[in-house]
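Asker: Coordinates for the following, if possible.
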Amino acid sequence: MGVLKTNYFMPTCELVEERLECYNISQKELSERLKISEKHISKLLNNQVLLTIEMAMALEQVIGLNHEILMNYETKYRSFLEKNKIIEELEKEDLEEIEREFQLNFLLQKKWINVSKGDTLAEKVYELLNFFGVRSIDILKEMYLPKISNYAFKEDGFKTEPLLVWIRKCEIESRKQTVGKFDKYKFEENVEKISALITETDVDLFDKIKTLCNESGVYFVMQEAVPNSKVRGAVTWIGNNPIIQISLRYSSNDHFWFAFFHEVGHILLHIKKKQNMIDHDMSDVTIQIEKEADEYSINKIINKDKYEQFIGKMDYKKTSIIDFAKENNIHPGILVGRLQHDGEIPWERFADLKIRYKWTTSN
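Answerer: Modelled structure (predicted):
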């Protein structure tokens with residue numbers, strides 16, 4: 001069965017006219033009762049002027065319609081007109097291309113935007129604009145493209161629009177958190193506390209990290225990557241507060257910790273630049289600040305000298321990996337990931353030692 005939709009919302013003036021007929025009050029009499037020109041009354045009843053609070057209160061005295069109800073209805077009617085105006089403009093756009101580029105079906109599936117049954121594609125794109133908090137696609141790109149213009153790496157084949165969606169979703173989620181002024185020194189202290197959590201395997205771990213980040217004025221958001229964004233993590237800003245954003249790409253603890261400390265490295269090493277850092281997987285890291293963030297992350301997770309001593313022995317039995325991890329207060333899956341990345345062992349070997357995470361449907 002189809003869904004019946006109407007593209008009509010009754011103007012407030014029709015409510016007033018119905019009550020005038022009920023009370024048998026003419027336009028001329030209403031003018032006399034309110035001491036307002038009959039010309040202005042005519043414009044009001046023909047929807048040519050906006051209903052003001054003063055007029056609504058005056059009408060309440062004459063026809064008994066509560067002024068708050070009248071104003072609420074007027075607001076809804078004007079919103080209806082404005083929405084239709086925007087949708088009419090959107091219908092001039094290539095809506096199918098926008099739907100495809102911005103992964104609209106993914107947003108609907110995840111319920112990141114809300115639509116009603118029977119909504120047109122233009123109405124869905126209107127909700128996309130609401131998601132971004134902008135009036136048009138041009139403004140959307142104008143507002144968000146600068147966030148990725150400097151540090152989004154095209155070598156990984158990402159698409160810009162899905163990345164913009166992911167950044168915006170992280171921004172929305174971060175605003176649910178309460179943080180004070182960013183304190184770099186407090187953050188450094190709390191990073192040490194976070195480092196002590198590296199062996200934990202329960203998902204409560206992420207709430208503990210968020211708490212420690214928030215205490216030092218840093219937002220922390222875990223958010224599933226939008227298809228084709230191919231994003232690993234990012235640091236962006238709300239005012240003077242950094243946001244660490246992690247996509248949990250590859251869904252394993254070794255990738256999580258590397259991505260997390262990589263973003264921490266950006267904040268602690270490159271804070272003066274206050275730039276947005278959007279990180280993708282790259283086979284050849286040539287940008288200096290990315291090298292620095294990588295180096296920070298690697299050394300934060302596993303002591304460089306001890307790691308080199310371990311690989312020097314070339315003793316890659318599972319028991320040896322577990323023993324080294326225990327001695328150095330890391331999870332064995334993290335060591336496995338490092339060995340795989342460095343080409344010391346094949347990618348599939350000891351993958352069972354890693355912790356795997358999965359996004360739930362409630363995300």
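
Asker: in what helix or strand does Val62 lie?
Answerer: For Val62, the host element (DSSP states H and E) is helix 53-63.

Asker: and the helix or strand following that helix, what does it pack onto?
Answerer: Next along the chain after helix 53-63, taking DSSP H and E as the criterion, comes helix 67-90. Secondary-structure packing of helix 67-90 (3 or more C-beta pairs under 8 Å, 6 or more residues apart in numbering; DSSP states H and E): helix 12-23, helix 53-63, helix 121-132. Heads up, the C-betas are built off the backbone N, CA and C, glycines and all.

Asker: in the stretch 151-300 of the chain, which spans are helices?
Answerer: 160-174, 184-195, 204-215, 253-269, 288-301 (DSSP state H, counting those that start in this stretch).

Asker: buried residues in the third one?
Answerer: Right, helix 204-215. By 16 or more other C-beta atoms under 10 Å, the buried positions in helix 204-215 come out as 205-206, 209-210, 212-215.

Asker: outside of it, which residues touch it?
Answerer: 177-179, 186-187, 190, 193-194, 197, 200, 219-220, 222, 244, 260 (C-beta atoms under 8 Å, 6 or more residues apart in numbering).

Asker: nearest to Ile139, of the helices and strands packed on helix 67-90?
Answerer: Among the helices and strands packed on helix 67-90, helix 121-132 comes nearest to Ile139, with 8.4 Å by C-beta to C-beta.

Asker: Convert the C-alpha atoms of that closest one to CSV, please.
Answerer: Taking C-alpha atoms only, helix 121-132 is exported to CSV below (Å, rounded to 0.1, in the frame of the first residue of the first chain):
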residue,chain,number,x,y,z
LEU,A,121,15.0,12.4,-2.6
ALA,A,122,15.0,16.2,-2.3
GLU,A,123,13.5,15.9,1.1
LYS,A,124,16.2,13.4,2.1
VAL,A,125,18.9,15.7,0.9
TYR,A,126,17.2,18.5,2.9
GLU,A,127,17.7,16.3,6.0
LEU,A,128,21.3,15.9,4.9
LEU,A,129,21.7,19.7,5.1
ASN,A,130,20.1,19.7,8.5
PHE,A,131,22.7,17.0,9.6
PHE,A,132,25.5,19.4,8.5
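
Asker: what about the stretch 151-300 of the chain, any weak spots by pLDDT?
Answerer: 151-157, 272-275, 277, 279-286 (pLDDT under 70).

Asker: Kindly recompute the last result at 80.
Answerer: 151-158, 271-287 (pLDDT under 80).

Asker: got the CA coordinates for stretch 169-176 in CSV?
Answerer: C-alpha atoms of stretch 169-176 as CSV (Å, rounded to 0.1, in the frame of the first residue of the first chain):
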residue,chain,number,x,y,z
LYS,A,169,29.2,12.9,12.7
CYS,A,170,32.2,13.0,15.0
GLU,A,171,31.6,16.7,15.6
ILE,A,172,28.0,16.0,16.6
GLU,A,173,28.9,13.2,19.0
SER,A,174,31.7,15.3,20.5
ARG,A,175,29.2,18.0,21.5
LYS,A,176,27.5,15.5,23.8
